[in-house]
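1. sequence and predicted model, in that order:
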Amino acid sequence: MTEAAATEKLSQVLDTIPKLLLDHAKKRADRPANRLKDLGIWQTWTWFDVAEEVRNLACGLAKIGFQRGDKLAVIGDNRPRLYWSMVAVQALGGIPVPLYQDSVAEEMVYVLENADVKYAIVQNQEQTDKLLEIKDRLPLLEQICYEEPRGMRDYTQEFIHYYKDIQEKGSIFHSENPDFFLHEIEQGQGSDIAIFLYTSGTTGKPKGVVLTQENLLITSLNSLAFDNITGEEEVLAYLPMAWVGDNLFSFAQAYVAGFCVNCPEGPETVMTDLREIGPTYYFAPPAVYESVLTKVMIRMEDAGWMKRKMFNYFMEHSRRVGTDILDRKPVSFIDRMIYALGSLMVYEPLKNNLGFTRLKLAYTAGEAIGPEIFTFFRSLGINIKQLYGQTEATVFICVQPDGEVMADTVGKMAPGVELKIADDGEVFYRSPGVFQEYFNNPEATSKTKSEDGWVATGDAGILQDNGHLMIIDRAKDVGKMKDGTLFA
């Protein structure tokens, strides 16, 4: 079978991320897939470019011994090459295990040992040194590959490799074995394990959440359709790669829809890069929105009296009618005219300064967002919505539909999700995104997930008559009044 024929065959059953990559490389070859700001300049890779990069890396990893079922740690800031390494591993039937890049070496030991990690691809010298510090305690760890060569000249150990050297080996391997890469991808199925994502470990040791290709792809398809997210979006990937939200919003959804994922130059340049990219689709925890609002208010305190008075007048008007206009509710002609003038004078310049001019949809989750913060952004015309999720659910449990966005609820059941509330108020769910197990931890799995797929969230909530879920507190921290009403 020729390479073209094999690619055509794979595109008919797009049940894994590597198969989706090949499909995009064929149908969206010239469309941007990834960008990275390096030394002040944005570099762009098309879907065709990414397919070649992934192929060469996968073949290079196979050349140095990577086999189906092996696990590979991914450690570093958001970088296209680190995202590509996850796809390359999946193409070979392996399992990527992203770790938090700010973890100290001692914190990494448990995860690397528990996940049976044999290979690691890291960003730079700092992450390489962490692994070298603990390598004698990780007998399974065989090979380390680094992406950035700065400071690595004197690292001469045979088990340490430069990312591009691995790709060069892979390019040669591919020329000698032209069917290998496509054959490996063809063996992949939706039921294959796609990734291990470790919990934070705040209540004990971290647990490895096992998610399959179907968990990622079905959840992506459902959530993209729910909010009309298309392949034309632009997102900024700045949250930790080890977090489930980044793996859905900046990875799985990108491969399902085909939109472009942009990586900032560094953690300290995120807000500047955000303004340059102008994303159309965005996720941030409440703390980020709170920080943005605080900076805006501090700057306005330092502004001249006339500018400050104009800002306060139009913001007061937007708080009164802005959310109704966003939700397409009836608003008087005069109020609409004043709001339009406010857009010209205040709202649009402010959104442009924040990088939110093109924003079609913004999510927040992780904790409750303050009503005043929520109202501020929505009154500017920014469609920010709350969602409720967990790593074990592949993020989505509840999400707010357009026109039903409220500060005190987390929305209705996401597509494909079932909910039930136990007698003690604890929320349980079942969905296509439900994790398979906690890796090497059957006891914890059985405590969290029932045999028929219901997962205990540990949160107490109330399912309102309108179908919206209100989260009260952690289930162990709530009380119940005589009439059965829950309270935090």
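-> Perfect, thanks for sending it.
2. pretty sure Gln90 contacts Gly190?
-> No. Under the criterion of CB atoms under 8 Å, Gln90 is not in contact with Gly190, lying 11.8 Å apart. (Each C-beta comes from the backbone N, C-alpha and C, glycine too.)
3. which residues do those two both contact?
-> Thr16, Gln213 (CB atoms under 8 Å, 6 or more residues apart in numbering).
4. higher neighbour count, these two?
-> Gln90 (27 against 17; other CB atoms under 10 Å).
5. now do the helix or strand containing that one: distance to the chain's middle.
-> Under the criterion of DSSP states H and E, Gln90 resides in helix 80-91. Helix 80-91 sits 15 Å away from the centroid of its parent chain (CA atoms, centre = their mean, to the nearest Å).
6. what packs against the following helix or strand past it?
-> Counting by DSSP H and E, the next helix or strand C-terminal to helix 80-91 is strand 95-99. Judged by 3 or more CB pairs under 8 Å, 6 or more residues apart in numbering; DSSP states H and E, strand 95-99 is in contact with strand 71-75, helix 80-91, helix 105-114, strand 193-198.
7. related to what we said a few turns ago, what's the helix holding Gln90 packed up against?
-> Secondary elements touching helix 80-91 (3+ CB pairs under 8 Å, 6+ apart): helix 17-27, strand 32-38, helix 47-63, strand 71-75, strand 95-99, strand 117-122, helix 180-187, strand 260-263.
8. dump those to CSV, plus distance to Glu106, mean neighbour count and mean pLDDT.
-> Output for the helices and strands packed on helix 80-91, formatted as CSV (distance: least, CB to CB, whole Å; neighbours: other CB atoms under 10 Å; pLDDT from 0 to 100):
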stretch, distance to Glu106, mean neighbour count, mean pLDDT
helix 17-27, 32, 23, 97
strand 32-38, 30, 20, 96
helix 47-63, 27, 23, 98
strand 71-75, 14, 25, 98
strand 95-99, 13, 26, 98
strand 117-122, 16, 26, 98
helix 180-187, 35, 19, 96
strand 260-263, 28, 24, 97
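9. turn these into CSV, including distance to Leu419.
-> Converted to CSV, the helices and strands packed on helix 80-91 look like this (distance: least, CB to CB, whole Å):
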stretch, distance to Leu419
helix 17-27, 28
strand 32-38, 36
helix 47-63, 37
strand 71-75, 33
strand 95-99, 29
strand 117-122, 36
helix 180-187, 36
strand 260-263, 31
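10. related to what we said a few turns ago, and the angle from the helix holding Gln90 to strand 95-99?
-> 150 degrees (axes from the mean of the first three to the mean of the last three CA atoms, to 10 degrees).
11. would you mark the buried spots in helix 80-91?
-> Within helix 80-91, the residues that qualify as buried are Pro80, Arg81, Leu82, Tyr83, Trp84, Ser85, Met86, Val87, Ala88, Val89, Gln90, Ala91, counting by 16 or more other CB atoms under 10 Å.
12. quick one: the first one and Trp45 touch, right?
-> Yes. At 6.3 Å, Pro80 counts as touching Trp45 under the criterion of CB under 8 Å.
13. the residue nearest to Glu107 when sequence neighbours are not counted and Arg55, how far apart?
-> Computed as CB to CB, 6 or more residues apart in numbering, the closest residue to Glu107 that is not its neighbour in sequence is Tyr100, at 7.9 Å. Tyr100 is 29 Å from Arg55, where distance means CB to CB, to the nearest Å.
14. who's in contact with the one helix or strand Asp459 maps to?
-> Secondary structure assignment for Asp459, by DSSP H and E: strand 455-463. Strand 455-463 is contacted from outside by 390, 392-393, 397, 419, 421, 424-430, 434-435, 447-449, 469-478, 486, using CB under 8 Å, 6+ apart.
15. list the buried residues for that strand?
-> Buried residues in strand 455-463 (16+ other CB under 10 Å): Val455, Ala456, Thr457, Asp459, Ala460, Gly461, Leu463.
16. what do you get for stretch 339-356?
-> Tyr339, Gly342, Ser343, Val346, Tyr347, Leu350, Lys351, Leu354, Gly355, Phe356.
17. circling back to that earlier point, among the helices and strands packed on strand 95-99, which is nearest Glu290?
-> strand 193-198 (25.8 Å; CB to CB).
18. may I have the closest one as CSV, with CA atoms only?
-> The C-alpha coordinates for strand 193-198 follow below in CSV (Å, rounded to 0.1, in the frame of the first residue of the first chain):
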residue,chain,number,x,y,z
ILE,A,193,-4.8,4.7,26.5
ALA,A,194,-4.0,8.3,25.4
ILE,A,195,-2.4,9.8,28.5
PHE,A,196,-1.8,9.7,32.2
LEU,A,197,-2.7,12.9,34.1
TYR,A,198,-1.7,13.0,37.7
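19. which strands border the helix or strand that that strand is followed by, and is each parallel or antiparallel?
-> Sequence-wise, the next helix or strand downstream of strand 193-198 (DSSP H and E) is strand 208-212. Next to strand 208-212 in the sheet, as set by DSSP bridges, lie strand 193-198 (antiparallel), strand 437-438 (antiparallel).
20. and Gln123, how far from Lys309?
-> With CB to CB as the criterion, Gln123 and Lys309 are 48 Å apart.
21. the two: who's more crowded?
-> Gln123 (21 against 11).
22. which one of the buried residues of helix 80-91 is nearest to Val50?
-> Among the buried residues of helix 80-91, and counting by CB to CB, the member closest to Val50 is Trp84, at 6.5 Å.
23. spit out the contact partners of the closest one.
-> Val50, Glu53, Val54, Leu57.
24. rewinding a little: any chance of the buried residues of strand 455-463 in TSV, plus distance to Val117?
-> What follows is these, written out as TSV (distance: CB to CB, whole Å):
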residue	distance to Val117
Val455	26
Ala456	29
Thr457	29
Asp459	31
Ala460	36
Gly461	36
Leu463	41
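25. export these as TSV, with columns for distance to Leu361 and pLDDT.
-> Listed next are the buried residues of strand 455-463 as TSV, based on distance: CB to CB, whole Å; pLDDT from 0 to 100:
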residue	distance to Leu361	pLDDT
Val455	26	96
Ala456	30	94
Thr457	24	93
Asp459	24	89
Ala460	29	90
Gly461	24	91
Leu463	25	91
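26. still on that earlier bit, can you say which of the helices and strands packed on strand 95-99 is nearest to Pro279?
-> Using CB to CB, these put helix 80-91 closest to Pro279, at 16.2 Å.
27. where helices are concerned, which of the buried residues of stretch 339-356 count?
-> Assigned to helices by DSSP state H, the following of those qualify: Tyr339, Gly342, Leu350, Lys351, Leu354.
28. ok, these vs Val111, which is closest?
-> For those, the nearest to Val111 is Leu354 (35.4 Å; CB to CB).
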